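Trainee: What would the 3D arrangement of this be:
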Amino acid sequence: MNQHYLQCGRYRLPIAPGRRPLVMGILNVTPDSFSDGGSYSALEFALSHAEQMIADGVDIIDIGGESTRPGIPPVPLDEELRRVMPVIYALRDCGKPLSIDTYKPEVMREALIAEVDMINDINGFRAPGAIDAVKDSAAGLCIMHMQGDPQTMQQQPSYGDVVEEVTTFLQERVVALKAAGVEHDRICIDPGFGFGKSVEHNYDLLRNTRRLIDTLGLPLLAGMSRKSMIGAITGKPLDRRLAGSLGAALAAAAQGAMIIRVHDVAETVDALNVWQAGMAATV
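Mentor: Below is the predicted model of the structure:
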């Protein structure tokens, strides 16, 4: 991958090989997200959590107004806007890039008007109007792979070759964005850990992260924080998956991931800083 920065709205984020991966902090303003649902649904709590993430060294704040955990029904458009827009407006001058985690073109448009810097789409910009909503902006665009939809995705996910199929899907979406005029340096990819994948599929993708990066030539975002793939290995419940999540973050970093999406910002920043110092010492 020759790309050395990711264009994200008002920011050019450094992602050169050898640098510490960027840490994306999760700010869920939902009542039902799988790990922290309800914790930050009130504006004052959301802003307080964002301030703490900034103090902890976060690089990007990812705001989500709709839970996508397995089996959850979709949130109406008006409700998602009601949840996320006050947070975006309140944080847009916080000094950190803001990302909106949404697959709805209408939310993308409103967030871009509010100067959000990245669109993080679990649906890979496949919804009618999604590419049109983002193509003329300067926002960074994260394309994620998902098999099925959040209501059905974990009901017996099946692949012939998960790495090949995820790579092909991401490549097709990259081509679609570029055909609409989106610049290469605005795009990053996400293999979608936990989105229509078994535990085995997830770890196959993690072991082949560098292959995805080399094939597609784009920075990769890895989001494994507290997910069931961690619990499957550690046997730990949600509130005891920090160590496993840090292990997954370091494994992804070692494979070349340049953005790590997490709930636990301070601990991840520390772990990645130590990892980077150790890697530099071996060069």
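
Trainee: Packing partners of the one helix or strand residue 215 maps to?
Mentor: Per DSSP states H and E, residue 215 falls inside helix 209-216. Using 3 or more Cβ pairs under 8 Å, 6 or more residues apart in numbering; DSSP states H and E, the elements in contact with helix 209-216 are helix 162-179. Placement of C-beta: from N, CA and C, glycine included.

Trainee: which residues are in contact with the following helix or strand past the helix it packs on?
Mentor: Heading C-terminal from helix 162-179, the first helix or strand you meet, by DSSP H and E, is strand 187-190. Identification of contacts with strand 187-190 by Cβ atoms under 8 Å, 6 or more residues apart in numbering yields 6, 120, 140-145, 170, 174, 177-178, 212, 216, 218-223, 258-259.

Trainee: what angle separates the helix holding residue 215 from helix 162-179?
Mentor: 40 degrees (axes from the mean of the first three to the mean of the last three Cα atoms, to 10 degrees).

Trainee: What residues of helix 209-216 count as buried?
Mentor: The neighbour-count check on helix 209-216 (16 or more other Cβ atoms under 10 Å) flags 209, 212, 213, 215, 216 as buried.

Trainee: Ok, stretch 272-282 next?
Mentor: Result for stretch 272-282 [16+ other Cβ under 10 Å]: buried residues 272, 275.

Trainee: Quick check: mean pLDDT of it?
Mentor: Mean pLDDT, stretch 272-282: 84.

Trainee: Count residues in the vicinity of residue 169, would you?
Mentor: Neighbourhood size, residue 169 [other Cβ atoms under 10 Å]: 20.

Trainee: can you pull the contacts of it?
Mentor: Residue 169 touches 124, 145, counting by Cβ under 8 Å, 6+ apart.

Trainee: Kindly report the same for residue 244.
Mentor: By Cβ under 8 Å, 6+ apart, the neighbours of residue 244 are 230, 231, 233, 234, 236.

Trainee: Tell me the secondary structure at the closest residue to residue 95 other than its chain neighbours.
Mentor: Take residue 95 and drop its neighbours on the chain: the residue closest to it by Cβ to Cβ, 6 or more residues apart in numbering is residue 54, 7.2 Å away. Per DSSP: H, G, I helix; E, B strand; the rest coil, the secondary structure class of residue 54 is helix.

Trainee: Give me the distance between residue 54 and residue 26.
Mentor: 14 Å (Cβ to Cβ, to the nearest Å).

Trainee: Quick one: find the helix or strand in this structure with the lowest mean pLDDT.
Mentor: helix 265-281 (a mean of 92; mean pLDDT, DSSP states H and E).

Trainee: got a list of contacts for that helix?
Mentor: 18-21, 23, 25, 52-53, 56-58, 242, 245-246, 249-250, 253-254, 260, 262.

Trainee: out of the buried residues of helix 209-216, which one sits closest to residue 13?
Mentor: Using Cβ to Cβ, residue 213 is the member of the buried residues of helix 209-216 that lies nearest residue 13, at 16.1 Å.

Trainee: re earlier: relative to the whole chain's centre, how far out is the least confident helix or strand of the chain?
Mentor: 20 Å (Cα atoms, centre = their mean, to the nearest Å).

Trainee: Among the contacts of residue 244, which lie within strands?
Mentor: Counted as lying in strands by DSSP state E, out of the contacts of residue 244, is not a single one.

Trainee: Just the buried subset of those residues, written out for ChimeraX, thanks.
Mentor: Buried residues among these (16+ other Cβ under 10 Å), as a ChimeraX selection:
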select :230,231
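
Trainee: What is the most widely separated pair among the contacts of residue 244?
Mentor: Spatial extent of the contacts of residue 244 (Cβ to Cβ) is set by the pair 233 and 236 at 8.9 Å.

Trainee: What strands line up against the top strand by length along the chain, and which way round?
Mentor: The longest strand of the chain (DSSP E) is strand 22-28. Paired with strand 22-28 in the same sheet, following DSSP bridges, are strand 60-64 (parallel), strand 259-262 (parallel).

Trainee: Pick the most deeply packed of the ones you listed.
Mentor: Across these, averaging neighbours per residue (mean count of other Cβ atoms under 10 Å) puts strand 259-262 on top, at a mean of 28.

Trainee: residues in contact with that one?
Mentor: So strand 259-262 is contacted by 6, 15, 21-26, 59-60, 62, 188, 219-223, 225, 245, 249, 252-253, 268, 272 (Cβ under 8 Å, 6+ apart).
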